[in-house]
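Undergrad: Take a look and give me a structure for this.
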Amino acid sequence: MGWRADHLLGNAPGKPTSFATAGVLVVVLALLTQAGAAEEDRRAVSATDFAKNWPHLLGPASGVSSATGLLKNWNGETGEGIKWKTRIPLPGYSSPIYWEGKLYLTGANASTRAVYCIDSESGGILWTREVKGIPGSPGGVEVGVDTGYAAPTMATDGIRIFASFANGDLAAFDLEGNPLWSKNLGRPENLYGHASSLVTHGDKLLIQYDQQNVGYLAALDVESGGEHWKTERDFGSSWSMPGVANIDDREEVILAAEPTVVSYDLKSGKELWRLDCLKYGEVTSVPVYGDGLVYVSADSANLSAIDVRTQEIVWESGFFKSGVSTPLLHDGLLYCGADDGGFACYDAKTGEELWAEFADHGFYASPILADGRVHLLDRSGMMLILKPGRELEILGKCVLGEEASSTPAVVGDSFYIRGRKHLFRIGP
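TA: Below you'll find the model as predicted:
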């Protein structure tokens, strides 16, 4: 402990201790042991642990995975390369997250909301937890067919998991499914239904809640659900999620909503800068940061590269761009999948369009770079496998066998892909 318990109690060494004092000593020692264990747990969740797991949408490195040994050829219709597929009882568009051999995802309909834990080896559902009975939870909400009741992707800090739903319910569990805390974020009102995914950073769970009737960015304490801070916002609806960027000597939380990109200080929630560049956009794509530039995009607005120091637009494009999906930034190149069918690559510094190709189906899932290849999953369930670079080279096409709109989790040697009905593990 670093000090003696008898000093804490004011007892000199060798002095007899009463039964009452001994009881206090036991309690103090128990509390110190629990605190030490909790602190040890926090230290155990290192950057290395996050890098080898998939703790939230887009993974630990904004769509770049350390996975190796991935299959180049697989087929969900014939079963080639499919280690398992598991039917998820309730529908949802949330993507799976992964932590230490377990996958977590949500499903919901108008009356029921559930969190599922799935064994990554067997595909078996280890446990299911319903989220219900939360004070202030609204009776019903309007959702769109492409959003549904379970669109936000979960997040984990490696000790707890967090899930949210279309009605604004938010719940925290430990990794074994024991409930920790829950709350309602406020009745959401927007055109398609609430869909902003969750992200953790240190001891904070970041919530983007941009609705027609209410708007805020909140940093909740992962352990208790209490507010570290909450910053009110008054923009149009957004289906994006917070992007966290290390810029110079501070950490910034960058949010996109119609019509504005705003950056906040992670410690305090104080606004740092803003720029209007998403007018008329229905914003779902997540801000991506790299080498001094933030990239934002929306279906009815331009793809824009913003200098974070001058808050000026360096370049923009109104053609091939990400709408629902989030661009992939890697090695100075920006890869985009468009909603209406098409994919393109830009020079990330200059905005030069290096190549573009039309496709039969649009992209809601975000592109992932893994094992030296770019993977784009379209809405029909076909995955394009591309060689990264300034010239287009398609290495392969693989078929899931059912429609898919969720971004894969890519861990170890496997893809974990949620289709319309099933969760798939694809690997050697």
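Undergrad: Quick check: residue 262 touching residue 277?
TA: No - the criterion here is C-beta atoms under 8 Å, and residue 262 misses it with residue 277 at 11.2 Å. C-beta here means a position set from N, CA and C on the backbone, and glycine is covered the same way.
Undergrad: and the gap between the most centrally placed residue in the chain and residue 196?
TA: Centroid check for the chain by C-alpha atoms, centre = their mean gives residue 57 as the closest residue, at 2.7 Å. Residue 57 sits 10 Å away from residue 196, going by C-beta to C-beta, to the nearest Å.
Undergrad: which residues do those two both contact?
TA: Here residue 57 and residue 196 have residue 241 as joint contacts, going by C-beta atoms under 8 Å, 6 or more residues apart in numbering.
Undergrad: Give the partner strands of the helix or strand hosting residue 302 in its sheet and their orientations.
TA: Using DSSP states H and E, residue 302 sits in strand 301-307. Here strand 301-307 is paired, per DSSP bridges, with strand 293-298 (antiparallel), strand 312-317 (antiparallel).
Undergrad: Please report the number of neighbouring residues for residue 424.
TA: Residue 424 has 27 neighbours, counted by other C-beta atoms under 10 Å.
Undergrad: Ignore what I typed, I meant residue 271.
TA: Neighbour count of residue 271, defined by other C-beta under 10 Å: 13.
Undergrad: do the same with residue 351
TA: Neighbourhood size, residue 351 [other C-beta under 10 Å]: 16.
Undergrad: thought it was touching residue 305?
TA: Yes - Residue 351 lies in contact with residue 305 (C-beta under 8 Å); the separation is 6.3 Å.
Undergrad: Need the residues touching each of those two.
TA: Joint contacts of residue 351 and residue 305 (C-beta under 8 Å, 6+ apart) are 314-316.
Undergrad: For residue 45, state which of these is nearest.
TA: Comparing these against residue 45 with C-beta to C-beta places residue 314 closest, at 36.0 Å.
Undergrad: how about that closest one, what does it touch?
TA: Neighbours of residue 314 in contact, by C-beta under 8 Å, 6+ apart: 293, 305-307, 349, 351.
Undergrad: Likewise for residue 393?
TA: 386-387.
Undergrad: State the distance from it to residue 338.
TA: 19 Å.
Undergrad: same thing with residue 46?
TA: Counting by C-beta to C-beta, the gap from residue 46 to residue 338 is 37 Å.
Undergrad: neighbour count winner among the two?
TA: Neighbour count, other C-beta under 10 Å: between residue 46 and residue 338, residue 338 has more, with 23 against 11.
Undergrad: Of the contacts of residue 314, just the buried ones, ChimeraX syntax please.
TA: Only the buried entries of the contacts of residue 314 go into this ChimeraX selection, using 16 or more other C-beta atoms under 10 Å:
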select :293,305,306,351
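Undergrad: Just name the closest of the contacts of residue 314 to residue 212, please.
TA: The shortest approach to residue 212 among these belongs to residue 306, at 25.6 Å (C-beta to C-beta).
Undergrad: count of neighbours near the closest residue in space to residue 401 that isn't next to it in sequence?
TA: Nearest residue to residue 401, sequence neighbours excluded (C-beta to C-beta, 6 or more residues apart in numbering): residue 76, at 3.3 Å. When counting by other C-beta under 10 Å, one arrives at 22 neighbours for residue 76.
Undergrad: quick one: contacts for residue 76?
TA: 82, 85, 381, 399-402, 419, 424, 426.
Undergrad: do that again at 10 Å, thanks
TA: 82, 85, 381, 383, 398-402, 404, 417, 419, 422, 424, 426 (C-beta atoms under 10 Å, 6 or more residues apart in numbering).
Undergrad: Could you check the pLDDT of it?
TA: With respect to pLDDT, residue 76 scores 97.
Undergrad: Number the chain from 23, please
TA: All right, first residue 23 from here; so that's residue 98.
Undergrad: Outline the domain layout of this structure.
TA: 23-66, 67-448 (automatic domain parsing).
Undergrad: Which one of these has the poorest average confidence?
TA: domain 23-66 - the lowest mean pLDDT of the domains of the chain, at a mean of 37.
Undergrad: Report whether the expected contact of residue 322 with residue 345 is present.
TA: Yes - the pair residue 322 and residue 345 passes the contact test of C-beta atoms under 10 Å, sitting 8.4 Å apart.
Undergrad: More neighbours: which of these two?
TA: More crowded of residue 322 and residue 345, by other C-beta under 10 Å: residue 345, with 23 against 13.
Undergrad: so how far is stretch 251-268 off the chain centroid?
TA: 14 Å (C-alpha atoms, centre = their mean, to the nearest Å).
Undergrad: same check, this time on stretch 73-84
TA: On C-alpha atoms, centre = their mean, the centre of stretch 73-84 falls 8 Å from that of its chain.
Undergrad: Buried residues in it, which are they?
TA: Counting neighbours by 16+ other C-beta under 10 Å, one finds that the buried residues in stretch 73-84 are 74-82, 84.
Undergrad: now do the same end-to-end measure for that stretch.
TA: Distance across stretch 73-84, first residue to last, is 11 Å (C-alpha to C-alpha, to the nearest Å).
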